[in-house]
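# got a predicted model here, sequence first, then my questions.
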Amino acid sequence: MTTEIQPGLLRIFRYFAGVAMGYYAVLVLFAAIQGGQGAIYTQIQLFVNLVINLGLLGYLSSPRLQGWLKRWYLPVGLLVATVVPIFSNLFYLAEPVEKNLTLVIVRSWLLFPVLVVPLVLIAWQYGFRMALAFTCVTAVVEMGVLYPVLGTVNFDVIPILSLPLIRAFAFGTVGHIVSHLIEIQQAQSRTLLKANYQLSRHAETLEQLAVSRERNRLARELHDTLAHTLSGQAVNLEAIKLSVPPEQSETLTMLDQALEHTRKGLAETRRALKDLRSQPLEDLGLAIAIRNLAQDAALRAAFDLQLDLPETLPEQPPQVEQCIFRIAQESLENIVRHAQASRVQVQLRLEAGRLRLEISDNGIGAHLDGIALEDRLGLHGMRERAAEVQGTFVVNSSPGQGMTIQFSVEACDDQSLDL
């Protein structure tokens, strides 16, 4: 049974209950003014309908009851709106003077506009099968009430007993039309949702392309300015160092320090340029890009590499793929620079609806309770990247026991849009 009520349905249901309450209030007032003992059954019937619709309006206006009853909130309201009119409309048959066949027929058809509203709401919320069940139940209930009252079956009463069947045919037609229109509307909503999703993905792609172009522009600017300046500065320092006499040891020490810092700055600049120009995700895909990263790191640090990467992965949003790639890149760079590892394992897998990246080594490890370590190994930056995509980032390490970095994020599957 559907728990989420269709948008606008409760508003229409409350409108129906309010109109019915006003209608019966006017009739009760009119019956009270007319008076008379012969209309006692009619007065009771009108008063009962007034009270029930007043209670139904209050019920449908109570968010607290909706939160308490949850999935049964709407069915209870529909049950009241269906059962009460059927039995109250036939209550007049308890008065012997009212057993007029023409009046029975008129009263039976008066149920049509009263019951057609719950029918439409049921078809709207639950579909044609539930609308058909509603139609059959109301017809059987009314026939079950009419037959004992009429007491016989002959040509005079057959038209009365057939009224519920005729109305059931009309109800079935209305229910089918409403449920069909709702199915079309829901299919159009799903199509629109998928189109909006594809449009957002296209916009993300365009944004990513714009970012990539800007990164390449910055990389060119840095290469032509900062990198060239640092490279020239290193050459000048080397030349100055050669011209300084050996006995000026203090000057040579200062030159060595300046040269070391310049070379380190140049190396960091070149690394930043490489990161800015890095386009492996767009060109190769996530799995192959991580494979190339790991193999390059293994060549530079001479460690044994164990790879566990899938052949294919479902396409993910660009920011998620970029996050996984950067975390893998930073982790492998840390291993190359600091870990002194002889064996590294890189694993990327999709399980339980989440993408999981795990990179572990058997290096020297480290204590994880120091701020300096956070800065030196870039762990803070990796945690920030993980938080940006609502991912989970965990680091396990101890001195002499290596380090393991684990990252997981909820995977995106296009099939999840097929609501």
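Cool, the structure landed. Numbering: from 1, shown residues only.
# contacts, neighbours, all on C-alpha from now
Fine.
# surely residue 360 is in a strand?
Yes - Residue 360: assigned to a strand according to DSSP: H, G, I helix; E, B strand; the rest coil.
# not counting its neighbours along the chain, what's nearest it?
residue 404 (4.1 Å; C-alpha to C-alpha, 6 or more residues apart in numbering).
# cool, residue 295 as well?
Nearest one to residue 295, counting by C-alpha to C-alpha, 6+ apart, is residue 305 at 7.4 Å.
# wait, doesn't that neighbour sit right on residue 347?
No - the criterion here is C-alpha atoms under 8 Å, and residue 305 misses it with residue 347 at 10.8 Å.
# phi, psi for residue 61 please.
phi -100, psi 10 (degrees, to the nearest 10).
# that one touches residue 13, doesn't it?
No - counting by C-alpha under 8 Å, residue 61 does not reach residue 13; the two are 10.0 Å apart.
# between these two, which one's more packed in?
Per other C-alpha atoms under 10 Å, whichever of residue 61 and residue 13 has more neighbours is residue 13, with 21 against 15.
# list the contacts for residue 147?
By C-alpha atoms under 8 Å, 6 or more residues apart in numbering, the contact set of residue 147 is residue 161.
# with residue 204 instead?
By C-alpha under 8 Å, 6+ apart, residue 204 lies in contact with 317, 318.
# and residue 405, which of the three is it?
Secondary structure of residue 405, reduced to three states by three-state DSSP: strand.
# coming back round to it: quick check: the residue nearest to residue 295 is in a strand.
Yes - looking at residue 305 with three-state DSSP, it is inside a strand.
# tell me, how many residues neighbour it?
17.
# tell me the contacts of it?
Neighbour list for residue 305: 294, 295, 298, 343, 344, 345, 346 [criterion: C-alpha under 8 Å, 6+ apart].
# specify which member of these is nearest to residue 196.
Each of the contacts of residue 305 was scored against residue 196 by C-alpha to C-alpha, and residue 346 proved nearest at 35.9 Å.
# got the phi and psi for the closest one?
The phi/psi pair for residue 346 (degrees, to the nearest 10) is phi -120, psi 120.
# nearest spatial neighbour of it, chain-adjacent residues omitted?
residue 359 (4.6 Å).
# quick check: mean pLDDT of the helix or strand where residue 80 lies?
Assigned by DSSP states H and E, residue 80 belongs to helix 73-89. Regarding helix 73-89, the rounded mean pLDDT is 84.
# and it, what's buried?
Within helix 73-89, the residues scored as buried using 16 or more other C-alpha atoms under 10 Å are 73, 74, 77, 78, 81, 82, 85, 86, 88, 89.
# closest to residue 258 out of these?
residue 73 (76.8 Å).
# you'd agree the closest one is up against residue 62?
No - the pair residue 73 / residue 62 is not scored as a contact, 10.1 Å apart, by C-alpha under 8 Å.
# what segments of the stretch 51-200 of the chain are helices?
63-69, 73-89, 101-109, 111-126, 128-150, 158-222 (DSSP state H, counting those that start in this stretch).
# return the most buried member of the ones you listed.
helix 111-126 (a mean of 20; mean count of other C-alpha atoms under 10 Å).
# report the angle between that helix and helix 158-222.
30 degrees (axes from the mean of the first three to the mean of the last three C-alpha atoms, to 10 degrees).
# just to revisit the earlier point, by how many degrees do the helix holding residue 80 and helix 111-126 diverge?
Using the same axes, to 10 degrees: helix 73-89 against helix 111-126 is 170 degrees.
# what lies in contact with helix 73-89?
5, 45, 48-49, 52-53, 56, 59-60, 65-66, 107-108, 111, 114-115, 118, 122, 138, 142.
# now do stretch 254-273
For stretch 254-273, contacts defined as C-alpha under 8 Å, 6+ apart pick out 219, 222, 223, 226, 227, 230, 231, 233, 234, 237, 238, 241.
# contacting residues around the second one?
In this case it means residue 222. With contact set as C-alpha under 8 Å, 6+ apart, residue 222 has these partners: residue 273.
# how close does the closest residue to residue 143 other than its chain neighbours get to residue 268?
Of all residues not flanking residue 143 in the chain, residue 161 sits nearest, at 6.2 Å (C-alpha to C-alpha, 6+ apart). Separation of residue 161 from residue 268 (C-alpha to C-alpha, to the nearest Å) stands at 92 Å.
# residues touching residue 115, list them.
Applying C-alpha under 8 Å, 6+ apart to residue 115 gives the contacts 81, 82, 85.
# from those, which is closest to residue 378?
Nearest to residue 378, judged by C-alpha to C-alpha, of these is residue 81 at 64.9 Å.
# the residue nearest to residue 360: neighbour count?
20.
# pLDDT score for it?
Residue 404 carries a pLDDT score of 94 in this model.
# okay, and the beta partners of it?
Under DSSP bridges, the beta-bridge partners of residue 404 are residue 360, residue 396.
# begin at 28, not 1, for the rest of this chat.
I'll keep to 28 as the first residue from here, and by that count the last item is residue 431.
# next, the contact list for it, please.
With the criterion set at C-alpha under 8 Å, 6+ apart, residue 431 makes contact with 385, 386, 387, 388, 422, 423, 424.
# dump these to a markdown table, plus pLDDT and neighbour count.
What follows is these, written out as a markdown table (pLDDT from 0 to 100; neighbours: other C-alpha atoms under 10 Å):
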| residue | pLDDT | neighbour count |
| --- | --- | --- |
| 385 | 95 | 20 |
| 386 | 95 | 23 |
| 387 | 94 | 23 |
| 388 | 94 | 25 |
| 422 | 91 | 15 |
| 423 | 90 | 15 |
| 424 | 88 | 19 |
